[in-house]
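Novice: Whatever this is, show me its structure:
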Amino acid sequence: MDTLFKKIDIVISWIERNILISSAFSITMLTFFSTINRYFLKISFPWIEEITILFYMFLVYYGASNVEKDNSHLRVSYFESKLINNPKVSFFQSLYINIISFIVLLLGIIYGFIMILTTTRKTTYLAIPYTFILTVTFWFGLIFYAFRVFSKIYFLIMKNKCKIKE
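Specialist: Residues are numbered from 1 along each chain as shown. Model (predicted):
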């Protein structure tokens, strides 16, 4: 089971890394192109804003999943620093926080799917369906994030189970 989680994690990490790099690069290039067109050529392309917002959505949702993997997100660590002397309490606190996070992510996945099914709008200039945008950004980002939290819960329990056996 550990190797399955690690293989899935490698695939998700590869997808996230490529999406994040290409999104950041695309935002930079589109912003540069838009600025050049607006100020030097006196031409404005409103569709660039729609694509830039799409890439920002990629950065937000896939980036959130990516920082969860490395545990490098901002968090309040006041209680962790106070409970560090008691590993049992620290274990249950970490388990509790991750379970609550997983439940919230599952609710986001379920209601996000309902939102995707009920949305019929399209973007103004390019007519990209919001169902497509929400699926590839919001929904898959939450699924990747939920996988990260679930694997963190799994490895936390397995690590603690090994300590109990010893």
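
Novice: Show the subsequent helix or strand relative to the lowest-mean-pLDDT helix or strand in the chain.
Specialist: Least confident helix or strand, the chain: helix 78-82 with a mean of 64, by mean pLDDT, DSSP states H and E. Going down the chain from helix 78-82, the next helix or strand is helix 87-118, by DSSP states H and E.

Novice: Using neighbour counts, pick out the buried residues of that next one.
Specialist: 91, 94, 97, 98, 101, 102, 105, 108, 109, 112, 113, 116 (16 or more other C-beta atoms under 10 Å). C-beta here means a position set from N, CA and C on the backbone, and glycine is covered the same way.

Novice: residues making contact with the helix or strand just after it?
Specialist: In the C-terminal direction, the helix or strand that comes right after helix 87-118 (DSSP H and E) is helix 130-134. Outside helix 130-134, the residues that touch it by C-beta atoms under 8 Å, 6 or more residues apart in numbering are 54, 57, 112, 115, 116, 117, 119, 120, 121, 122, 123.

Novice: Kindly reformat these as a markdown table containing pLDDT.
Specialist: Shown next, in a markdown table, are the contacts of helix 130-134 (pLDDT from 0 to 100):
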| residue | pLDDT |
| --- | --- |
| 54 | 93 |
| 57 | 94 |
| 112 | 92 |
| 115 | 91 |
| 116 | 92 |
| 117 | 91 |
| 119 | 88 |
| 120 | 88 |
| 121 | 91 |
| 122 | 91 |
| 123 | 88 |
